[in-house]
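Q: Let me see the structure of the following:
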Amino acid sequence: MEQTATIRDELFAYMSKKDITINKFAEITGVHSGTLNRVMKGEQAFAMNHLEKVTKTLGLAEDYFYEKYVVECLYTFAPTWRRIRPFIERCADLDRMDCIERLVEGLLDDLNYAPMLFELAEELFEQKKWQAAAILYENVALSEKFQHSERLALCKFRLFTINTGDDPKQNLIQAALFEPYVDRLEEVYQLDALKYLLNTYSALGQWDKANQFANKMLKLAKIQYELLKKQYHQRDKSGESNKKAVYKYILYAELMISAIYENMGDYKTALRLIPNYTDFSWIREKDEEAQLTIKQFQEWGKANTYLYRLQDGQIEVLEEYVEYVSTQENEIFTALFKIVETANRYHWNVDHIIERFSDYIPNRDYYSVFTKRNKQIQDSSYTRFQNELAKYYLTRKHIDLDEISLAGAELTATFDAGRNVIKGKLSVEFEVEF
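A: Alright, predicted model coming up:
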């Protein structure tokens, strides 16, 4: 009460200093005089737009009164959503997470606000205001922690996607925390959730877990695709397209299962599984998006056929693979890394390939229509590539043991660096966006 009164006290102090009446102050601020009179008498709460106008008139920072406004919203007057919602939105814009947290914690003494806070969290999430959204999700989840609700599961999923980043340890913790909730999600979210878990465990090199979720995603996607089968005719007839594009999850799961076997060193199985994501006869969709998707998976299938044969020791495909990759600029660095790694395994001479692609050795970002690079994997891949290249040159005695310099990319190599080969690799170094 004391803090809320301070807002009015400061306004009265301003009016006294300027020697103006409430009506004159109302004229200056643009707030209706009757409304401002009731607000100043404590008969009516500040609306968010009122607070913004008077704050601007006083020449103060936009968030100057925000801490006091939390008290205004929660305790001075009965909380109302029409005041609370715009306040949370402005706090999100101005990075006042402290105010959001205090407000939401107090507000959830009344659990009737949980659905409204959840819906607002979803809007903030779509606007990529993730820090603010996370506070709402966390508090809504706490309010339902003893319930097996779909809303709780979705809060946990959103928090999982928000809290995963470039820290592998943190990502492992977040994945483990979310796992128990994936089966509680509505079907519309389950495939995305499984894909996030699959990508996270793949980035961490946890191939058994990645394989578990890839197969689970594949099974669920196939079930959903069959269930949608009866709806396709009606949708096509009405002109409505299939927005879920479930076939993409099927293809991606098959792609990742093959890649997982490759990363576990079972190149023959990885090769055998490639037709699972390059046979498109079962796909019903014929639109442009489907055609682009099919083309992309065809390219991946072709590239991986070369790669897995190469890793299996079939040196006869090396030159053909190099020529193919030379036309795929986004894939050259990954291909070069795999070629050097394989050359170390089988003691091949690939000097001419390293020289040919030397311009692609510096680490850079790569993007395509369907993919974005996973930063954690990309950084790890570049570190591993440095080690593999150092190992290659040290083994073949091309250079001094203390320093490697190649096409402007300087790599320091000692025996320790040569031994420090990071475990785990991933040929699929991207996340498919759909």
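Q: Pretty sure residue 130 sits against residue 163.
A: No - using C-beta atoms under 8 Å, residue 130 is not in contact with residue 163, being 9.1 Å away. Any C-beta I mention is one placed from the backbone N, CA and C, and that applies to glycine too.
Q: domains for this structure, by residue range?
A: Listed domain ranges for the chain are 186-312, 314-434 (source: automatic domain parsing).
Q: which residues touch residue 106?
A: Neighbour list for residue 106: 70, 74-75 [criterion: C-beta atoms under 8 Å, 6 or more residues apart in numbering].
Q: Is it located within a helix, as I assumed?
A: Yes - counting by DSSP: H, G, I helix; E, B strand; the rest coil, residue 106 is located in a helix.
Q: what's the distance between it and residue 254?
A: Remark: distance between residue 106 and residue 254 (C-beta to C-beta, to the nearest Å) = 49 Å.
Q: likewise residue 10?
A: From residue 10 across to residue 254, the span is 65 Å (C-beta to C-beta).
Q: between those two, which one's more packed in?
A: A count of neighbours by other C-beta atoms under 10 Å puts residue 254 above the other of residue 10 and residue 254, at 23 against 17.
Q: Shouldn't that one be within a helix?
A: Yes - assessed with three-state DSSP, residue 254 lies in a helix.
Q: you'd agree it is up against residue 218?
A: Yes - assessed by C-beta under 8 Å, residue 254 is found in contact with residue 218 at 6.6 Å.
Q: low pLDDT regions in the protein?
A: 1-5, 145-147, 230, 232-244, 362-380, 397-434 (pLDDT under 70).
Q: In space, not sequence, find me the middle residue of it.
A: residue 161 (5.4 Å; C-alpha atoms, centre = their mean).
Q: Next SSE downstream of the host helix or strand of that residue?
A: Element membership of residue 161 [criterion: DSSP states H and E] is helix 150-163. For helix 150-163, the following helix or strand on the C-terminal side (DSSP H and E) is helix 168-178.
Q: That following helix - contacts with which helices or strands?
A: Packed against helix 168-178 by the contact rule (3 or more C-beta pairs under 8 Å, 6 or more residues apart in numbering; DSSP states H and E) you find helix 150-163, helix 187-203.
Q: Give me the contacts around the shortest one.
A: For helix 150-163, the surrounding residues in contact (C-beta under 8 Å, 6+ apart) are 114-115, 118, 121-122, 125, 130-131, 133-134, 137-138, 140-141, 144-145, 170, 174-175, 177-178, 181-182, 184-186, 189, 192-193, 196.
Q: Do you have the helices of the stretch 301-434 of the chain handy? List them.
A: For the stretch 301-434 of the chain, helices defined by DSSP state H, counting those that start in this stretch occupy the ranges 318-325, 332-346, 351-356, 375-396, 415-419.
Q: Quick check: closest non-adjacent residue to residue 83.
A: residue 73 (5.6 Å; C-beta to C-beta, 6 or more residues apart in numbering).
Q: which residues touch the one you found?
A: Residue 73 neighbours (C-beta under 8 Å, 6+ apart): 45, 79, 83-84, 87, 103.
Q: Highest neighbour count among these?
A: Using other C-beta under 10 Å as the neighbour criterion, residue 103 leads these with 25 neighbours.
Q: Return the residues in contact with that residue.
A: Applying C-beta under 8 Å, 6+ apart, we find residue 103 in contact with 70, 73-74, 84, 87-88, 91.
Q: swap in residue 222?
A: Contacts of residue 222 by C-beta under 8 Å, 6+ apart are residue 250.
Q: so which helix or strand takes in it?
A: Taking DSSP H and E as the criterion, residue 222 maps to helix 207-238.
Q: quick one, that helix and helix 187-203 angle?
A: If you take axes from the mean of the first three to the mean of the last three C-alpha atoms, to 10 degrees, helix 207-238 sits at 150 degrees to helix 187-203.
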